[in-house]
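# need a 3D model of the following:
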Amino acid sequence: MRDKQSFWDASASVPLCIYQDSSQRARQIFRKYPDPVVWWATLAEARSAFARAARVESADANEHARALRRLHALSNSWREVDPVNALRERALQLLDSHPLRTGDAFQLAAALAWCNENPRHRVFVCFDDRLATVAEDVGFKVIKA
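Sure, this is the predicted structure:
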């Protein structure tokens with residue numbers, strides 16, 4: 001199943017659960033790579049995105065509830081990269097060498113841990129331009145919106 005496995009940043013996971021302009025593209029990618037690997041905090045990042053959508057009224061209560069159900073189902077199928085001290089150290093290194101935000105450094109460090117620091121031919125699904133650029137720079141095959 002390795003050829004169907006890919007690392008999914010929260011920016012690509014969220015549109016699978018709640019409608020965004022990139023939702024159709026996210027579903028298309030998910031059909032090709034149905035075995036997602038995510039960072040341990042992706043569940044919290046997604047919940048934050050849903051709550052933000054509800055606060056700015058781009059999602060009503062029903063859509064918010066559907067998004068939570070979809071996220072729960074999706075999270076039952078994905079693999080998570082757990083937080084460990086070595087991953088934090090790798091995230092710190094990435095912050096020193098690349099223009100990343102803290103959360104993105106953890107996402108990328110988790111992806112690098114998933115592939116044992118060998119990103120060549122490994123898929124990184126990301127809809128955030130800054131993170132996608134750095135993921136490409138370190139060697140991932142990046143798929144974006």
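
# please make it C-alpha for all contacts and neighbour counts, starting now.
Fine.

# is the spatially closest residue to L95 that is not a sequence neighbour within a helix or a strand, and which one?
Excluding its sequence neighbours, the residue lying closest to L95 (CA to CA, 6 or more residues apart in numbering) is A105, at 6.3 Å. Element membership for A105 (DSSP states H and E) is helix 102-114.

# buried residues, that helix. List them.
By neighbour count on 16 or more other CA atoms under 10 Å, the buried set for helix 102-114 is G103, D104, A105, F106, Q107, L108, A109, A110, A111, L112, A113, W114.

# measure the residue nearest to L95 to D96 for me?
According to CA to CA, to the nearest Å, A105 and D96 sit 10 Å apart.

# now H121
Distance, H121 to D96, using CA to CA: 25 Å.

# kindly report the same for A53.
Taking CA to CA, one finds A53 at 32 Å from D96.

# looking at the two, which has the bigger crowd around it?
Taking neighbours as other CA atoms under 10 Å, A53 and D96 compare with A53 leading, 17 against 11.

# my read: the more buried one touches A65, true?
No. A53 sits out of contact with A65 when judged by CA atoms under 8 Å, with a separation of 11.8 Å.

# give me the phi and psi angles of R25.
Main-chain torsions, R25, degrees, to the nearest 10: phi -60, psi -40.

# just the pLDDT at it, thanks.
We have a pLDDT of 97 for R25.

# show me what contacts it?
Shown in contact with R25 (CA atoms under 8 Å, 6 or more residues apart in numbering): A145.

# and with 6 Å instead?
Contact criterion CA atoms under 6 Å, 6 or more residues apart in numbering gives no residues in contact with R25.

# and the one 10 residues further on, by the same measure?
Residues counted as contacts of D35 (CA under 6 Å, 6+ apart) are K4, Q5.

# low-scoring stretches of this protein, by residue?
1-2 (pLDDT under 70).

# how about 90 then?
Residue ranges of the chain with pLDDT under 90: 1-4, 53-64, 145.

# what segments of it are strands?
5-8, 35-39, 79-81, 123-125, 141-143 (DSSP state E).
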